[in-house]
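Peer 1: based on what follows, work out the 3D shape:
(2 chains)
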Amino acid sequence: RKEVEQDPGPFNVPEGATVAFNCTYSNSASQSFFWYRQDCRKEPKLLMSVYSSGNEDGRFTAQLNRASQYISLLIRDSKLSDSATYLCVVNTYTGGFKTIFGAGTRLFVKA
Amino acid sequence: DTAVSQTPKYLVTQMGNDKSIKCEQNLGHDTMYWYKQDSKKFLKIMFSYNNKELIINETVPNRFSPKSPDKAHLNLHINSLELGDSAVYFCASSPSGEAAEQYFGPGTRLTVT
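Peer 2: A predicted model of the protein is given here:
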């Protein structure tokens, strides 16, 4: 089993749609969680951290369920500019913090 | 103004050669990383340094040797390049701490022919 698994993509949605991405992680000792965004041929950039209480940033909502080892990202009112690859990221302490990236889910938002 | 910079941006070389990629960050971060992103776009950590000391060394061939001359620099030297080394290599930095955001450089696209 992969340490971090994400929905296989790609997701093709129209502008204005709501889209949800799921992610599961295998190490119950994992301690911090993030969603990153990567545009084509660019570097990954932090979209948002994920907290146990859930958190929202504008049209983006992230949820964490530690019991199920599950992370989600909800994007409301999709924009063309949301088209990118979304990476689920998990930090686990193993003598130092090891960062594991999921394989990413590709999103295409179309007019 | 670039926070994390890498040179070169593109590197084309032949099998068997030795090459280096340089990384510098001007954010004052304590921790720096090297990642490899292969053709399937999977991003995998290779090394992590904190205050010039190696913390994480994933299962990477010993042909890859990171060097951190100071806290702001983490260079990657690769000996005897192989076809399978072709990938995009990203450098990143972050403040210390588990919840710290990582800032990535623009990447170095390495092609081994």
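
Peer 1: tell me where chain B has strands.
Peer 2: In chain B, the segments counted as strands under DSSP state E are B:4-7, B:10-13, B:19-25, B:31-37, B:43-50, B:53-57, B:64-70, B:73-78, B:87-94, B:103-104, B:108-112.

Peer 1: ugh, wrong one, chain A
Peer 2: A:4-6, A:11-14, A:19-25, A:32-38, A:44-50, A:55-57, A:60-65, A:70-75, A:84-93, A:97-101, A:105-110.

Peer 1: now the third one - C-alpha only, CSV.
Peer 2: What follows is strand A:19-25, C-alpha atoms only, in CSV (Å, rounded to 0.1, in the frame of the first residue of the first chain):
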residue,chain,number,x,y,z
VAL,A,19,-15.3,19.1,-7.0
ALA,A,20,-13.9,17.0,-4.2
PHE,A,21,-10.6,15.2,-3.9
ASN,A,22,-9.8,12.4,-1.5
CYS,A,23,-6.6,11.2,0.0
THR,A,24,-5.7,8.4,2.5
TYR,A,25,-2.4,7.9,4.3
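
Peer 1: so where's chain B uncertain?
Peer 2: B:1, B:97-99 (pLDDT under 70).

Peer 1: residues of it that sit close to chain A?
Peer 2: B:33, B:35, B:40-45, B:48, B:50, B:55-56, B:90, B:97-99, B:101-102, B:104-107 (Cβ under 8 Å from any Cβ of the partner chain). Placement of C-beta: from N, CA and C, glycine included.

Peer 1: other SSEs contacting the lowest-mean-pLDDT helix or strand in chain A?
Peer 2: None of the helices or strands of chain A scores lower by mean pLDDT, DSSP states H and E than strand A:97-101, at a mean of 85. Counting contacts by 3 or more Cβ pairs under 8 Å, 6 or more residues apart in numbering or on different chains; DSSP states H and E, strand A:97-101 packs against strand A:84-93, strand B:43-50.

Peer 1: nearest to B:Thr113, of those strands?
Peer 2: strand B:43-50 (22.0 Å; Cβ to Cβ).

Peer 1: am I right that B:Arg109 is in contact with B:Leu11?
Peer 2: Yes: assessed by Cβ atoms under 8 Å, B:Arg109 is found in contact with B:Leu11 at 7.1 Å.

Peer 1: more neighbours, the two?
Peer 2: For B:Arg109 versus B:Leu11, the count of surrounding residues by other Cβ atoms under 10 Å in any protein chain shown is larger for B:Leu11: 19 against 16.

Peer 1: so where's chain A uncertain?
Peer 2: A:95-96.

Peer 1: can you give me the neighbour number for the residue of chain B found nearest chain A?
Peer 2: Using Cβ to the nearest Cβ, B:Ile55 is the residue of chain B that sits closest to chain A, at 3.2 Å. Per other Cβ under 10 Å, the neighbour tally for B:Ile55 reads 16.

Peer 1: nearest to A:Gln69, of the strands of chain B?
Peer 2: Using Cβ to Cβ, the strands of chain B put strand B:43-50 closest to A:Gln69, at 19.9 Å.
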